[in-house]
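Asker: predicted model, plus sequence, below.
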Amino acid sequence: MKYALVTGGSRGIGKAICVQLAKDTKYHILINYNNNKNAALETLTAVEEAGGSATLLPFNVSDIDAVNNALDTWQEANKDGVIEVIVNNAGITKDDLFMWMKPEDWHRVINTSLDGFFNVTHHLIQKMLVNRYGRIINMVSLSGLKGTPGQTNYSAAKGAVISATKALAQEVAKRKITVNAVAPGFIKTDMTTNLNEKELKKLVPANRFGEAEEVAHLVSFLASEKSSYITGEVININGGIYS
């Protein structure tokens with residue numbers, strides 16, 4: 001059986017990606033989450049209601065031992081299972097002005113986005129190379145492209161993943177593995193509920209926040225065979241705010 005792994009798949013954009021992949025592909029979805037099992041179970045139900053199948057796969061992406069143990073255990077239980085799609089979606093924000101930023105908030109944000117990308121992708125890429133096929137999609141951010149004040153840690157983390165995306169894409173392209181990044185702007189999720197949407201949407205040429213489902217459609221396309229000649233790209237989905 002062939003699988004798609006979505007890290008941070010229990011809520012927001014991650015949940016929307018799981019559901020969209022279930023609708024558009026034949027992949028069995030591996031829903032990764034760290035703490036919120038109830039939300040992950042809701043995503044599992046949504047995937048099944050969309051006609052797909054899924055399994056919960058809990059681990060902390062920033063803990064390399066936890067990642068290795070979880071993926072090794074899964075592989076042993078699914079000897080013929082092949083993870084063809086990785087969506088590195090797990091990420092957190094700990095916003096503050098740089099001069100007030102606590103070291104732990106710097107490291108937690110960097111570790112989740114950047115180390116999370118390394119830990120998961122590094123563990124799975126050898127099998128992708130042997131199988132000569134794969135889709136790696138890294139969820140980044142407008143912040144990683146333009147930098148956002150109050151988010152020096154998040155901007156640094158996502159900017160690093162953008163550069164890693166471009167480098168890795170060149171290493172693995174001959175094996176029919178694509179590596180792309182998706183950079184959302186303001187999207188309606190739990191992470192943006194505290195933002196002043198009425199004011200901030202004035203900055204967006206499209207004059208609205210995006211929907212998680214709109215991001216999920218793009219990710220689903222990049223996860224498909226139709227996107228085989230797109231690699232090393234950072235695709236903005238932000239209503240024109242960074243055009």
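Answerer: Nice, I can see it. Numbers count the residues shown, from 1 in each chain.
Asker: all strands of the chain, in order?
Answerer: Secondary structure of the chain, counting by DSSP state E: strands at 2-6, 28-33, 54-58, 82-88, 134-139, 177-184, 187-188, 210-211, 234-237.
Asker: hey, least reliable of those strands by pLDDT?
Answerer: Within the strands of the chain, confidence is poorest for strand 187-188, with a mean of 92 (mean pLDDT).
Asker: who does it pair up with?
Answerer: Strand pairing for strand 187-188, using DSSP bridges, gives strand 210-211 (parallel).
Asker: coming back round to it: distance to A66 added to the strands of the chain, as CSV?
Answerer: To be clear about C-beta, it is placed using only N, CA and C from the backbone, and glycine gets the same treatment. Output for the strands of the chain, formatted as CSV (distance: least, Cβ to Cβ, whole Å):
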stretch, distance to A66
strand 2-6, 14
strand 28-33, 11
strand 54-58, 9
strand 82-88, 16
strand 134-139, 20
strand 177-184, 24
strand 187-188, 28
strand 210-211, 32
strand 234-237, 28
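Asker: and for the closest residue to M139 other than its chain neighbours, the neighbour number?
Answerer: Spatial nearest neighbour of M139, excluding adjacent residues (Cβ to Cβ, 6 or more residues apart in numbering): N89 at 4.4 Å. The tally of other residues near N89 (other Cβ atoms under 10 Å) stands at 27.
Asker: quick check: the gap between N89 and V140.
Answerer: 10 Å (Cβ to Cβ, to the nearest Å).
Asker: again, but for V85
Answerer: V85 is 17 Å from V140, by Cβ to Cβ.
Asker: low-confidence ranges in this structure?
Answerer: 191, 243 (pLDDT under 70).
Asker: show me the helices in it, by range?
Answerer: Ranges of helices in the chain, per DSSP state H, are 12-24, 37-49, 64-77, 103-110, 116-131, 142-146, 152-172, 197-200, 212-222.
Asker: give the contact list for D96.
Answerer: Residues in contact with D96 (Cβ atoms under 8 Å, 6 or more residues apart in numbering) are K102, D105, G150.
Asker: ok, the last one touching L97?
Answerer: Yes: between G150 and L97 a contact is recorded at 5.9 Å, counting by Cβ atoms under 8 Å.
Asker: which one of the two has more residues nearby?
Answerer: Neighbour count, other Cβ under 10 Å: between G150 and L97, G150 has more, with 15 against 10.
Asker: next, the contact list for that one, please.
Answerer: The contact partners of G150, by Cβ under 8 Å, 6+ apart, come to D95, D96, L97.
Asker: from S143, how far off is it?
Answerer: From G150 to S143 the distance is 10 Å (Cβ to Cβ).
Asker: then G239?
Answerer: 15 Å.
Asker: of those two, which one has the most company?
Answerer: More crowded of G239 and S143, by other Cβ under 10 Å: S143, with 24 against 21.
Asker: would you agree the more buried one is in contact with A156?
Answerer: No: using Cβ under 8 Å, S143 is not in contact with A156; the gap is 9.2 Å.
Asker: contacts only, for the most centrally placed residue in the chain.
Answerer: For the chain, N89 is the residue whose C-alpha lies nearest the centre (Cα atoms, centre = their mean; 1.9 Å). With contact set as Cβ under 8 Å, 6+ apart, N89 has these partners: V6, T7, G8, G9, I13, G14, I17, M139.
Asker: coming back round to it: output the contacts of G150 as TSV; include the columns distance to K174.
Answerer: Listed next are the contacts of G150 as TSV, based on distance: Cβ to Cβ, whole Å:
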residue	distance to K174
D95	40
D96	43
L97	45
